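Chemist: Curious how this folds, go ahead:
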Amino acid sequence: MPNLRLLHLSDIHFRQNELVVFDDLRSQLEKATQEVANKLGGIDGILITGDIAFSGAPDEYQKALNWLDKLCNKIGCKPENVWSIPGNHDVERSAIRGNKAIQTIQRDIRKAGPDGLDICLSEYFRTSEVCEMMYRSINNYVTEFAAVYKCEISAAKPFVEHDFELNDGSILRIRGVNSTIVSFENDDDGDNKLVVGSFQATMPEQDGVEYLLMCHHPYDWLLDHDK
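Modeler: Below you'll find the predicted structure:
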């Protein structure tokens, strides 16, 4: 591949009752992106780093799918070359609000701190029932949106990966990690940070492979940012 052209989108925030201003902003984005794509000769892939929806509702994802289909056509990008990861607005918070067990697990994981985080995560993710419960809050994101682009995540498949072979024979490996494992209404960059875990963040060193990491939250919002 002589040139690799990737479009990065984030926080597109489709919502159920939108203001006209958002449609106008997206129209401007479409126009600007199409102009750049025409100059470059098309776009090879679209990377979406979370917050596709505003409240994790199914109809928000349908709006996003319709818009992305139109955008792909305009910029010459194949729909199968769209990769995404969730953000905190892709979390259906009502699934957590009514479940004290999930809230307790989230508190325990945060209390474990950077040093005890990996052990705590491995203990909780040891049973399928807890795994299913922890990923329930992004079920709409997975089934209504990510599955369309084959970017589903789960406890068994916690991150997204795709390889691009470059013209020198090396590989650019895109890895998208999920930073919404403990996401709820109180997320912040202080006492209520998000987590990724070494099971997602550890990228094996291989000759000829370089990584491009996708994560919704900036490092200072992550409890385990040093790792």
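
Chemist: going forward, measure contacts and count neighbours with C-alpha atoms only.
Modeler: OK.

Chemist: so how far is residue 120 from the most centrally placed residue in the chain?
Modeler: With distances taken as CA atoms, centre = their mean, the chain has residue 85 as the residue nearest its mean C-alpha position (1.6 Å). From residue 85 over to residue 120 the distance is 23 Å, taken as CA to CA, to the nearest Å.

Chemist: what does residue 205 give?
Modeler: Going from residue 205 to residue 120 by CA to CA gives 26 Å.

Chemist: Those two: who's more crowded?
Modeler: Relative neighbour count places residue 120 above the other of residue 205 and residue 120, with 18 against 9, counting by other CA atoms under 10 Å.

Chemist: Quickly find the element holding the more buried one.
Modeler: In this structure, residue 120 is located in helix 113-124 according to DSSP states H and E.

Chemist: Could you identify the helix or strand that succeeds that helix?
Modeler: As assigned by DSSP H and E, the chain's next helix or strand after helix 113-124 is helix 128-135.

Chemist: Now do the buried residues in that next one.
Modeler: Within helix 128-135, the residues that qualify as buried by neighbour count (16 or more other CA atoms under 10 Å) are 130, 133-135.

Chemist: Same list, those residues, but as CSV with pLDDT please.
Modeler: Compiled in CSV, the buried residues of helix 128-135 are given as follows (pLDDT from 0 to 100):
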residue, pLDDT
130, 90
133, 90
134, 91
135, 94
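
Chemist: Looking at those, which one is closest to residue 76?
Modeler: Of all those, residue 76 sits closest to residue 135, with 33.5 Å by CA to CA.

Chemist: pLDDT at the closest residue to the closest one other than its chain neighbours, what is it?
Modeler: Closest residue to residue 135 apart from its sequence neighbours, by CA to CA, 6 or more residues apart in numbering: residue 154 at 6.6 Å. Taken from the predicted model, the pLDDT recorded for residue 154 is 93.

Chemist: ditto for the one 4 residues further on
Modeler: According to the model's per-residue confidence, residue 158 sits at a pLDDT of 94.

Chemist: Go through the helix or strand hosting residue 141 and flag the buried ones.
Modeler: Under the assignment given by DSSP H and E, the secondary-structure element containing residue 141 is helix 139-144. In terms of neighbour count (16+ other CA under 10 Å), helix 139-144 has its buried residues at 139-142, 144.

Chemist: between the residues you listed, which is closest to residue 201?
Modeler: Once CA to CA is applied, the member of the buried residues of helix 139-144 that ends up nearest residue 201 is residue 142, at 20.4 Å.

Chemist: And what about the residue lying closest to that closest one once chain neighbours are set aside, helix, strand or coil?
Modeler: Setting aside the residues directly before and after it, residue 142 is nearest to residue 152 in space (CA to CA, 6+ apart), at 5.4 Å. What DSSP: H, G, I helix; E, B strand; the rest coil gives for residue 152 is coil.

Chemist: how about residue 152, what does it touch?
Modeler: Applying CA atoms under 8 Å, 6 or more residues apart in numbering to residue 152 gives the contacts 142-143, 146, 160.

Chemist: Distance to residue 43 for those - can I get that in CSV?
Modeler: Rendered in CSV, the data for these read as follows (distance: CA to CA, whole Å):
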residue, distance to residue 43
142, 25
143, 26
146, 20
160, 20
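
Chemist: Relative to residue 33, which of those residues is nearest.
Modeler: Nearest to residue 33 among the contacts of residue 152 is residue 146, at 22.4 Å by CA to CA.

Chemist: Contacts only, for that closest one.
Modeler: For residue 146, the contacting residues are 84-85, 152, taking CA under 8 Å, 6+ apart as the criterion.
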